[in-house]
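A.B. asks: pasted the sequence and its predicted model underneath.
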Amino acid sequence: MEKSPRARRGFFPPDTMKRLALVCVFLSAPVLAREGFFPVGAYHALAEADIPPKTLVAALPFVGSLGIEIEQNAGWKEMDALRTTTCGSDLARAWNRETCASMGAPCRPDGICRVPRYSGCAGVAVDGFFVTTSACARGLAQSPRAKFIGEDGLPREVALEATALTQDAGSSPLSLLRLPVERPSTPIRRQEPKDGEPVFAVGFPRFEDRARKRADYKAAWGEPRIVFGSVVGRSPETGAALKNFFLADTDSLPGMAGAPLFDRRGRLIGIGLEAAERRNAEEYDPAAPAPFAGVEEIRSLIASLADAERKAAALARADEARSRYEEARSLEGAGRWPEAEAAYRELKNRFGNLPAGESDYAAAADKALRFVACETGRHRPRRTFPRLEYLESVAISAIADGSRERLLDLLPCRTRSGNGDVHAEDLSDALLAARVNGVPPLVRARVEVEGGLRASLEGMARPTTLLWRRDGDRGWAFAGAVFK
């Protein structure tokens, strides 16, 4: 049967639903309707949609407006209209408190006024979480919060906590934020929605393009509204094979993303998606059905949160370990040995069992402690030479003589090699193992590199290149060696 346009279209103030319990016996008298407070068509919509007023009243406390920080530029002549619609009544001022407070700021010399707004998306309380859409979560304030609908129709502000599935929920179009305080959860229906069944949604639509709206044109921006409709199945746009998504013919204005959809018994059956948010005023079609994510999508997302948070915590721990390791390396590079040793020891003790693919910073810290112990145990600093020829002569002589102590006196504790940093003791052992007894090595060629030279040796058992580093004004120093 074709539905009445008034029965399925339009947004209605939720605070007046509470009065329906007292006046429902007088609904046949149109004089009781209060235009702008509870539109006339809403009485007929309630009757024809077969949704009891007490069902609407019971659903409202679970719905909240998500705090999103956006800015709108308006000419000074538009400010009066904005003040009237956004701050013209006690209810409007309560829901737009931040915006109304900012309207006293002076406009720019060119007459443009910048108006911050802090709402625009809806969400619903489910099992300790605030469920909304991922598109809404991208504009979250630094300290996220939601304004829930109170018994008197006024907002009740609640702080929210971001989760691992707030900004990025993978392929899901939804977003989860944690409610830090215990709050009742909305009832959820287990059965899938049926085509043609009556439904209603609660959201916070924007009524800026008023020529295209069919209901309460006097509604302020950001106030909660109720809209009626029915389930109309699926379409290729939502994916016919996806059971978690469906369509309803509720009017879906910008601002209704995240709006919960309820059945006639007040049970949650879906969450409004952001398709309507992408339609501008020229493209908006109020007759187009609105897409919704079903409750199975919500359940699936909540079930996956624990695993996602474990992975996020492990990655955060790896990031912290990387930062601490870089800090310790910086201390070591500056020669602040006691501080570097303390930083490496903390790294070794705190960080282990990092995710697969991440560097083992605990093992790297253990290796670095050996370098630091070497530096703090030295009785004299590493030697430098004013001329490169002197350095080459002393180093090659130490290799030819097999003198480990003389090599250690030349090398820094953390030396460079082809496989990364190695300890001076390990590099000295490798150089002596590569020498040929009775054959003194010779420098075959030198190649300039950034910060120094590479000297290729002849007379070694394996191809060997020594690394000389220019040590500022002090001259030349032995930096390491590379073997092939």
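C.D. replies: Ah, there it is.
A.B. asks: neighbours of Leu176, just the number please.
C.D. replies: Applying other Cβ atoms under 10 Å, we find 28 residues neighbouring Leu176. Placement of C-beta: from N, CA and C, glycine included.
A.B. asks: could you say which helix or strand holds it?
C.D. replies: strand 174-178 (DSSP states H and E).
A.B. asks: ok, and for the very next helix or strand once past that strand, which residues are buried?
C.D. replies: Counting by DSSP H and E, the element after strand 174-178 in chain order, helix or strand, is strand 198-203. Applying a neighbour-count criterion of 16 or more other Cβ atoms under 10 Å, one finds 198-203 buried in strand 198-203.
A.B. asks: give the buried residues for the longest helix along the chain.
C.D. replies: What stands out as the longest helix in the chain, according to DSSP state H, is helix 295-333. Within helix 295-333, the residues scored as buried using 16+ other Cβ under 10 Å are 295-298, 301-302, 304-305, 308, 317-318, 321, 324-325, 328-329, 331-332.
A.B. asks: just checking, Cys87 touches Met103?
C.D. replies: Yes. Between Cys87 and Met103 there is a contact under Cβ atoms under 8 Å: 6.9 Å.
A.B. asks: same drill for these two, tell me which one is more crowded.
C.D. replies: Cys87 (20 against 16).
A.B. asks: rewinding a little: just send the buried residues of strand 198-203 back as a markdown table, with distance to Gly480 and pLDDT too.
C.D. replies: Putting these into a markdown table (distance: Cβ to Cβ, whole Å; pLDDT from 0 to 100) gives the following:
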| residue | distance to Gly480 | pLDDT |
| --- | --- | --- |
| Pro198 | 78 | 90 |
| Val199 | 72 | 90 |
| Phe200 | 74 | 89 |
| Ala201 | 68 | 88 |
| Val202 | 69 | 88 |
| Gly203 | 66 | 85 |
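A.B. asks: which of those sits closest to Cys136?
C.D. replies: Gly203 (11.0 Å; Cβ to Cβ).
A.B. asks: quick one: contacts for the closest one?
C.D. replies: By Cβ atoms under 8 Å, 6 or more residues apart in numbering, the contact list for Gly203 reads 11, 63, 122, 224-225, 227, 255-259, 272.
A.B. asks: help me confirm that Thr99 is found in a helix?
C.D. replies: Yes. Assessed by DSSP: H, G, I helix; E, B strand; the rest coil, Thr99 belongs to a helix.
A.B. asks: how much space separates it from Cys113?
C.D. replies: 12 Å (Cβ to Cβ, to the nearest Å).
A.B. asks: who has more neighbours, those two?
C.D. replies: Higher neighbour count among Thr99 and Cys113: Thr99, with 23 against 19, using other Cβ under 10 Å.
A.B. asks: my read: the more buried one touches Thr85, true?
C.D. replies: No. Thr99 lies out of contact with Thr85 (Cβ under 8 Å); the separation is 10.8 Å.
A.B. asks: ranges for the helices of the protein?
C.D. replies: Using DSSP H, helices in the chain cover 5-8, 17-23, 40-49, 53-59, 76-87, 90-95, 97-102, 134-137, 295-333, 337-350, 361-376, 388-401, 404-410, 424-434.
A.B. asks: highest average neighbour count across these?
C.D. replies: With neighbours taken as mean count of other Cβ atoms under 10 Å, the helices of the chain reach their highest mean count in helix 134-137, at a mean of 21.
A.B. asks: picking that back up, now the buried residues of strand 198-203 as a markdown table including distance to Asn437?
C.D. replies: Shown next, in a markdown table, are the buried residues of strand 198-203 (distance: Cβ to Cβ, whole Å):
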| residue | distance to Asn437 |
| --- | --- |
| Pro198 | 97 |
| Val199 | 91 |
| Phe200 | 93 |
| Ala201 | 88 |
| Val202 | 89 |
| Gly203 | 86 |
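A.B. asks: of the residues you listed, closest to Leu140?
C.D. replies: Gly203 (17.6 Å).
A.B. asks: ok and the strand holding Leu176 relative to helix 295-333, angle-wise?
C.D. replies: Calculated by axes from the mean of the first three to the mean of the last three Cα atoms, to 10 degrees, strand 174-178 forms an angle of 70 degrees with helix 295-333.
A.B. asks: helices or strands next to strand 174-178 in the packing?
C.D. replies: Counting contacts by 3 or more Cβ pairs under 8 Å, 6 or more residues apart in numbering; DSSP states H and E, strand 174-178 is packed against strand 129-133, helix 134-137, strand 161-162, helix 295-333.
A.B. asks: so which residues make contact with that strand?
C.D. replies: 123, 128-134, 136-137, 144, 146, 160-163, 165-167, 169, 271, 293, 297-298, 301-302, 305.
A.B. asks: next, the buried residues of stretch 255-264.
C.D. replies: 255-263.
A.B. asks: which of these sits closest to Lys367?
C.D. replies: The closest of the buried residues of stretch 255-264 to Lys367 turns out to be Gly258 (Cβ to Cβ; 50.5 Å).
A.B. asks: and that closest one, what's its pLDDT?
C.D. replies: Listed pLDDT for Gly258 reads 90.
A.B. asks: surely it meets Ala137?
C.D. replies: No. Counting by Cβ under 8 Å, Gly258 stays clear of Ala137, with 9.1 Å between them.
A.B. asks: list residues touching both of these two?
C.D. replies: Leu66.
A.B. asks: grab the nearest non-local neighbour of the residue nearest to the spatial centre of the chain.
C.D. replies: Among the residues of the chain, the one closest to the centroid is Gln167, at 3.4 Å (Cα atoms, centre = their mean). The shortest distance from Gln167 to any non-neighbouring residue, by Cβ to Cβ, 6 or more residues apart in numbering, is to Ala137 (5.9 Å).
A.B. asks: list the contacts of that neighbour.
C.D. replies: Residues near Ala137 by Cβ under 8 Å, 6+ apart: 66, 166-167, 175, 177.
A.B. asks: cool, and Pro338?
C.D. replies: Contacts of Pro338 (Cβ under 8 Å, 6+ apart): Thr376.
A.B. asks: could you do the one 3 residues further on as well?
C.D. replies: The contact partners of Glu341, by Cβ under 8 Å, 6+ apart, come to 369, 372-373, 376.
A.B. asks: go again with 10 Å.
C.D. replies: Contacts of Glu341 were listed using Cβ atoms under 10 Å, 6 or more residues apart in numbering, and they are 328, 331-332, 368-369, 371-373, 375-376.
A.B. asks: next, the distance between the ends of stretch 51-62.
C.D. replies: Across stretch 51-62, the terminal residues are separated by 18 Å (Cα to Cα, to the nearest Å).
A.B. asks: let me see the mean pLDDT of that stretch.
C.D. replies: On average, stretch 51-62 scores 86.
A.B. asks: coming back round to it: among the contacts of Ala137, which two are most distant?
C.D. replies: Leu66 and Gln167 (13.2 Å).
A.B. asks: got any residues that touch both of those two?
C.D. replies: Counting by Cβ under 10 Å, 6+ apart, the contacts common to Leu66 and Gln167 are 137, 140, 175.
A.B. asks: next, count neighbours for Arg189.
C.D. replies: Using other Cβ under 10 Å, Arg189 has 16 neighbouring residues.
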